[in-house]
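**Q** Predicted structure and sequence below. I'll ask about it afterward.
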Amino acid sequence: QVQLVESGGGLVQAGGSLRLSCAASGRTFSNYAMGWFRQAPGKERKFVAAISWSAGSTYYAEFVAGRFTISRDNAKNTVYLQMDSLKPEDTAVYYCAATPYFPSSRTSEYDYWGQGTQVTVSS
């Protein structure tokens with residue numbers, strides 16, 4: 001089992017930045033590639049970004065367009081999502097998740113999920 005706890009969400013104005021964190025515990029964190037997803041009200045959960053086990057490779061959804069950066073610190077068992085130039089359409093609950101596959105944008109390939117953190121971007 002891997003337990004994941006997200007933090008860092010909040011309310012920010014358009015054009016602003018937020019840094020999300022996801023702390024992992026349980027099984028060896030470095031055995032898993034990690035991903036971030038988001039889900040807006042009434043919509044399906046959507047892939048945002050993923051990072052490989054060693055942090056040597058990253059993979060982003062097209063709509064990220066260079067605004068978001070995923071990173072991880074295996075010594076701290078933590079994965080991050082730096083979000084810059086935020087837009088109102090980025091408003092959603094953001095989830096981190098762990099997977100044995102990389103790269104993967106499919107929710108079905110992620111074995112463990114956090115509870116999510118709300119990000120709200122005002123216009």
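**A** Structure's in. What do you need? Numbers count the residues shown, from 1 in each chain.

**Q** Report the distance from the helix or strand containing Ala98 to the chain centre.
**A** Element membership for Ala98 (DSSP states H and E) is strand 92-99. With C-alpha atoms, centre = their mean, to the nearest Å as the basis, strand 92-99 stands 5 Å off its chain's centre.

**Q** got a list of contacts for it?
**A** Applying C-beta atoms under 8 Å, 6 or more residues apart in numbering, the contact partners of strand 92-99 are 2, 4, 6, 9, 20, 22, 24, 29, 32-40, 45-46, 48, 50, 79, 81, 107, 109-119. The way it works is simple: take the backbone N, C-alpha and C, and place the C-beta from them, glycine included.

**Q** same question, stretch 49-60
**A** Residues from elsewhere that reach stretch 49-60 (C-beta under 8 Å, 6+ apart): 30-36, 48, 61, 64, 68-72, 74, 79, 81, 99, 102-105.

**Q** Counting neighbours, which of those residues end up buried?
**A** The neighbour count (16 or more other C-beta atoms under 10 Å) marks 32-36, 48, 61, 64, 68-70, 72, 79, 81, 99, 102-105 as buried among these.

**Q** The strand holding Ala98 pairs with which strands, parallel or anti?
**A** Using DSSP bridges, strand 92-99 pairs in its sheet with strand 33-39 (antiparallel), strand 112-113 (antiparallel), strand 117-122 (antiparallel).

**Q** Could you say which of those is packed most deeply?
**A** Highest mean neighbour count of the strands paired with strand 92-99: strand 33-39, a mean of 24 (counted as mean count of other C-beta atoms under 10 Å).

**Q** Export it to PDB, keeping only CA atoms.
**A** What follows is strand 33-39, C-alpha atoms only, in PDB (Å, rounded to 0.1, in the frame of the first residue of the first chain):
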ATOM      1  CA  ALA A  33       6.200   6.700 -11.300                       C
ATOM      2  CA  MET A  34       3.900   9.500 -10.100                       C
ATOM      3  CA  GLY A  35       1.200  11.500 -11.800                       C
ATOM      4  CA  TRP A  36      -1.100  14.500 -11.200                       C
ATOM      5  CA  PHE A  37      -4.700  14.500 -12.400                       C
ATOM      6  CA  ARG A  38      -7.400  17.000 -12.000                       C
ATOM      7  CA  GLN A  39     -11.200  16.900 -11.900                       C
END
